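# Below are the sequence and a predicted model for it; my questions follow.
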Amino acid sequence: MIVRTIVRLTLATLFGHRRGLLLYILPGVFVGLCVLLAFTVDDKSGLAPAMLQQLGLAVILPLVALIAGTGAIATEIDDGSIVYLLSKPIKRSTIILTKAAVAVGVILVLGVVPIVVSGLILDPGDAQTAAAFGVGALAAGIAYTAIFVALSVMSSSAVTIGLLYSLLWESVLGQYVDGVKVLSVQQWSLAIIQRLTDLPSVTSDVKLPISLILLTAVTTAALCLAITRLRTLILSTAD
Amino acid sequence: MSTIRISRVSRWYGNVVAVNDVTMRIGPGVTGLLGPNGAGKSTLISMMAGFLPPSTGTVTLDDVPVWKNESAYSQIGLVPETEAVYDTLTGTDFVRANAELHGLASPGPAAALAIAVVAMEEAAGRRISTYSKGMKQRIKMAAALVHEPSVLLLDEPFNGMDPRQRLHLMDLLRKMGADGRTVLFSSHILEEVQQVATHIEVVVSGRHAASGDYRAIRTLMTDRPMLYRLRSSDDRRLASALIGDPCTTGADLDASALQVQVVDFERFSKLVPGLARDLGIRLLEVSPTDESLESVFSYLVGRR
């Protein structure tokens, strides 16, 4: 169940603070870069999937998801304003699921859509690749949201941990280190993208069924963890 | 009519004991939770508000534990000490959001009513980020009142308020108490608590130090041995006369003043002017030397 009031309050927190600007800047820079490349590079074969994967899916999406996922709840926990949500007769699961839905919505608009648009800019003739990356990015965005929301409820340094995770684990190790690839949200989403396109350059180290199972399992487990932790979240100023 | 029961509650953080074996019952009317900073008042309020589990013991609202029980919040209105609110919203939007989160049937009118109760109609259309500390406190109060809770918990509500806002809030708390609501507020200032609370609970160093109506607490506080400093035209004669009376237990004379240890304040306060008149001594100064709340508290704890 989604509560409209929580959606409104979450959006007010997400975009009311300076950190919200990053949500526009990141996809803005990405799309801008793709426009620049579209006009300057002559041999564009393979450019679209390379940009979408190595910059869009590996860097921009996890960062947008990090800001949206932690911004949807960690900011309120940090400054204490979460007390106005928690002191209400609302199920804790409703609070978490609503906030996760808001984060996914933000990622859809400011992470997934820019990836699709960039794909179309780089290669207007290949809408299939752009759409495939869109679907994969959305699947990854949902899993990232669950991970970052859970991290926000569990740790007061969620942003730092999330940043290390998304930049080191997902962006670097997840692209180049074999063992890590199997446990990377990015590779799981690539398996989906691989199925939806017929480009030889897009490959995943994880098979599609396993990827889907892992995506679902991680998302569900992270959301359950977040709900359980929120139920026993201690709010106390030490006098 | 609601009752909060705290029975044999302790709470510790690692090695630090914040609340130590406290038992109290808070019923309808205004109760002041009085204690110096760091006494465990906020910890107690957090436990009553269900945001902190007691390490041992139980905290219940009408015999139902409040920890992990979100349905209790239909009855609880909480004014937290924390400054942070959704300050990009206007006052009206914020109070209305609270009404909606409570699932009220008509959140708009309920919010307008609560804003009127705290007399914030004029500023309600402005963003909360433009509010003064006292105005923020009042809009938080409106948010806590919007669902007409039977229990109102306020953590240091008078902090940052100017004298006029303070009087207004005191009036409001008295009214809420007279309506039969259970109102509990914490403060480290005796005068504040005396003016509003019909019942006072004193906590010091995590322990429940005293309990009673304000007269009982005041008697406790004035009945303790106190050190008075006197200056007069003849300190030595005054000293010998005072020490002859059982209301004092000691006198200390130095070059500039006379310090007298007083055990019976009432008798002492009648004795001094009479003595001075009879002996023809002019009194220049009579003042308590340890009137600070901390010394009152340390006396109350030592007494136990």
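Okay, I see it. Since we're looking at a predicted model, the values are computed, not measured.
# Which residue ranges of the chain form helices?
Here I'm looking at chain A. Assigned by DSSP state H, the helices in chain A fall at A:4-16, A:20-40, A:47-51, A:61-71, A:74-79, A:83-86, A:92-107, A:113-122, A:127-154, A:158-164, A:174-176, A:178-181, A:185-196, A:208-231.
# meant chain B, my bad for not saying
Using DSSP H, the helices of chain B run over B:41-48, B:91-101, B:107-117, B:133-145, B:163-178, B:190-196, B:214-222, B:235-243, B:265-279, B:293-303.
# Next, count neighbours for A:Ile25.
The local packing of A:Ile25 (other CB atoms under 10 Å in any protein chain shown) involves 11 other residues. Every C-beta, even on glycine, is put in place using the N, C-alpha and C of the backbone.
# Could you pull out the buried residues of the helix or strand bottoming out on mean pLDDT in chain A?
Ranked by mean pLDDT, DSSP states H and E, the helix or strand of chain A with the weakest confidence is helix A:174-176, at a mean of 78. Buried residues in helix A:174-176, counted by 16 or more other CB atoms under 10 Å in any protein chain shown: A:174-175.
# Show me the contact partners of that helix.
By CB atoms under 8 Å, 6 or more residues apart in numbering or on different chains, the residues outside helix A:174-176 that reach it are A:54, A:58, A:180-181, A:184-187.
# do that again at 7 Å, thanks
A:58, A:180-181, A:184, A:186-187 (CB atoms under 7 Å, 6 or more residues apart in numbering or on different chains).
# Pick the most buried one from the helices of chain A.
Using mean count of other CB atoms under 10 Å in any protein chain shown, the stretch among the helices of chain A with the largest mean neighbour count is helix A:61-71, at a mean of 28.
# That one packs against which elements?
In terms of contacts (3 or more CB pairs under 7 Å, 6 or more residues apart in numbering or on different chains; DSSP states H and E), helix A:61-71 is packed against helix A:4-16, helix A:20-40, helix A:92-107, helix A:127-154, helix A:158-164.
# other SSEs contacting the fourth one?
Applying 3+ CB pairs under 7 Å, 6+ apart, one finds that helix A:127-154 contacts helix A:61-71, helix A:92-107, helix A:113-122, helix A:158-164, helix A:185-196, helix A:208-231.
# now for those, which one comes closest to B:Gly77?
Proximity to B:Gly77 (CB to CB) singles out helix A:92-107 among those, at 19.2 Å.
# which other helices and strands contact that closest one?
Here helix A:92-107 touches helix A:4-16, helix A:61-71, helix A:127-154, helix A:208-231, going by 3+ CB pairs under 7 Å, 6+ apart.
# Which one of those lies nearest to B:Ala124?
B:Ala124 lies closest to helix A:4-16 among these, at 16.7 Å (CB to CB).
# Report whether that closest one contacts chain B.
Yes - applying CB under 7 Å from any CB of the partner chain, one finds helix A:4-16 touching chain B at A:5, A:8-9, A:12-13, A:16.
# rewinding a little: make JSON lines out of the helices and strands packed on helix A:127-154 and add mean pLDDT.
Below are the helices and strands packed on helix A:127-154 laid out as JSON lines (pLDDT from 0 to 100):
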{"stretch": "helix A:61-71", "mean pLDDT": "95"}
{"stretch": "helix A:92-107", "mean pLDDT": "97"}
{"stretch": "helix A:113-122", "mean pLDDT": "95"}
{"stretch": "helix A:158-164", "mean pLDDT": "93"}
{"stretch": "helix A:185-196", "mean pLDDT": "94"}
{"stretch": "helix A:208-231", "mean pLDDT": "96"}
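# Chain B - how does it break down into domains?
B:4-221, B:223-303 (automatic domain parsing).
# Return the most buried member of the ones you listed.
The most buried one of those (mean count of other CB under 10 Å) is domain B:4-221, showing a mean of 19.
# show me what contacts the residue nearest to B:Gly108 when sequence neighbours are not counted?
Excluding the flanking residues, the one nearest B:Gly108 by CB to CB, 6 or more residues apart in numbering or on different chains is B:Arg96, at 6.4 Å. Contacts of B:Arg96 were listed using CB under 7 Å, 6+ apart, and they are B:107-108, B:111.
# Next: A:Val112.
Neighbouring residues of A:Val112 by CB under 7 Å, 6+ apart: A:134, A:137-138, A:141.
# For those residues, which two are the farthest from each other?
A:Gly134 and A:Gly141 (10.2 Å).
# residues in contact with B:Trp67?
B:50, B:53, B:59.
# Name the nearest of these relative to B:Thr82.
Of all those, B:Thr82 sits closest to B:Gly50, with 15.6 Å by CB to CB.
# I'd like the distance from that closest one to B:Val183, if you could.
With distances taken as CB to CB, to the nearest Å, B:Gly50 is found 17 Å from B:Val183.
# ditto for A:Thr219
A:Thr219 sits 44 Å away from B:Val183 when distances are taken as CB to CB.
# for the stretch 1-150 of chain B, which spans come out with low pLDDT?
The stretch 1-150 of chain B contains no residues with pLDDT under 70.
# Strands along that one, start to end?
Here the stretch 1-150 of chain B has its strands, by DSSP state E, counting those that start in this stretch, at B:4-13, B:16-26, B:29-34, B:56-61, B:64-65, B:76-79.
# among these, which is nearest A:Lys44?
For the strands of the stretch 1-150 of chain B, the distance to A:Lys44 is smallest for strand B:76-79, at 59.5 Å, taking CB to CB.
# now that closest one, how far from the centre of its chain.
Put simply, strand B:76-79 sits 16 Å off its chain's centre (CA atoms, centre = their mean, to the nearest Å).
# Does anything pack onto it? Which helices or strands?
helix B:133-145, strand B:151-154.
# what comes into contact with the first one?
Among residues not part of helix B:133-145, those counted as contacts by CB under 7 Å, 6+ apart are A:84, B:77-79, B:83, B:85, B:91, B:94-95, B:98, B:114-115, B:117-118, B:120, B:123, B:128, B:131, B:152, B:157, B:160-162, B:165.
# ok, now which ones touch the closest residue to B:Leu101 other than its chain neighbours?
Using CB to CB, 6+ apart and skipping residues adjacent in sequence, the residue nearest B:Leu101 is A:Lys88, 4.2 Å away. Residues near A:Lys88 by CB under 7 Å, 6+ apart: B:73, B:101-102.
# Could I get the phi/psi values of A:Lys88?
The phi/psi pair for A:Lys88 (degrees, to the nearest 10) reads phi -130, psi 150.
# how close does it get to B:Glu156?
Separation of A:Lys88 from B:Glu156 (CB to CB): 22 Å.
# go on, B:Val59?
Applying CB to CB, the value for B:Val59 to B:Glu156 is 20 Å.
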